[in-house]
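Colleague: heads up, no residue letters with this:
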């Protein structure tokens, strides 16, 4: 079964540094998403992406964050000047439609900011 | 009011028991709903979609009541492997998924 893959599985970074989280969505999917989950809290939507542009972003997704699809397979989330509160699991998801379809999640990147 | 609200539990049940989880949502315009399962520190995995007519997949039955804005999940004949957190999820009209806090199930031998 095709799956969404994410790298790295765990990233440890000093506060103030930049990190790039990488995702390879399912190959025939056109809609891409990033979510995050702070330990002990619910999964929160960050951003959706379609046709090489952001479709929607949450309040969390401020100027510190950016997304990019640099080639035909990768989808990245960049966090500039990381803060302690950015520590969380970051999940990438993809779907073949944005109409009532479930999304398939990667196994996440655990980001730890020191 | 939370967009998707669940009783966090935990629900502790013996093997073989039947257990039901409930969920309410606040946005009456939400059109689609899902139950995802999340194991500790893992990604959410789709368990099943939820349809107005109700749907069943093996030991799992999901129901949607649009009038009450209420979703349920019933698990029959619980297995040890069913121990996980069950996430009630609404599909936001713009494509994003809106997650509940999750309900934790612990099935004991």
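Modeller: Ah, there it is. Source: prediction; values computed, not measured.

Colleague: report the contact partners of residue A:65.
Modeller: By Cβ atoms under 8 Å, 6 or more residues apart in numbering or on different chains, the residues touching residue A:65 are A:46-47, A:57, A:77-80. C-beta here means a position set from N, CA and C on the backbone, and glycine is covered the same way.

Colleague: neighbour count, pLDDT and secondary structure for these - can I get that in TSV?
Modeller: Formatted as TSV, those follow (neighbours: other Cβ atoms under 10 Å in any protein chain shown; pLDDT from 0 to 100; DSSP: H, G, I helix; E, B strand; the rest coil):
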residue	neighbour count	pLDDT	secondary structure
A:46	21	97	strand
A:47	20	97	strand
A:57	17	94	strand
A:77	24	98	strand
A:78	13	97	strand
A:79	21	97	strand
A:80	13	96	coil
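
Colleague: what is the nearest of those to residue A:5?
Modeller: residue A:77 (14.1 Å; Cβ to Cβ).

Colleague: the closest one against residue A:69, yeah?
Modeller: No: counting by Cβ atoms under 8 Å, residue A:77 sits too far from residue A:69 to count as a contact (11.0 Å).

Colleague: adjacent strands (with direction) for the helix or strand hosting residue B:33?
Modeller: Taking DSSP states H and E as the criterion, residue B:33 maps to strand B:32-38. If you go by DSSP bridges, strand B:32-38 pairs up with strand B:45-50 (antiparallel), strand B:84-91 (antiparallel).

Colleague: neighbours around residue B:10, how many?
Modeller: By other Cβ atoms under 10 Å in any protein chain shown, 12 other residues sit near residue B:10.
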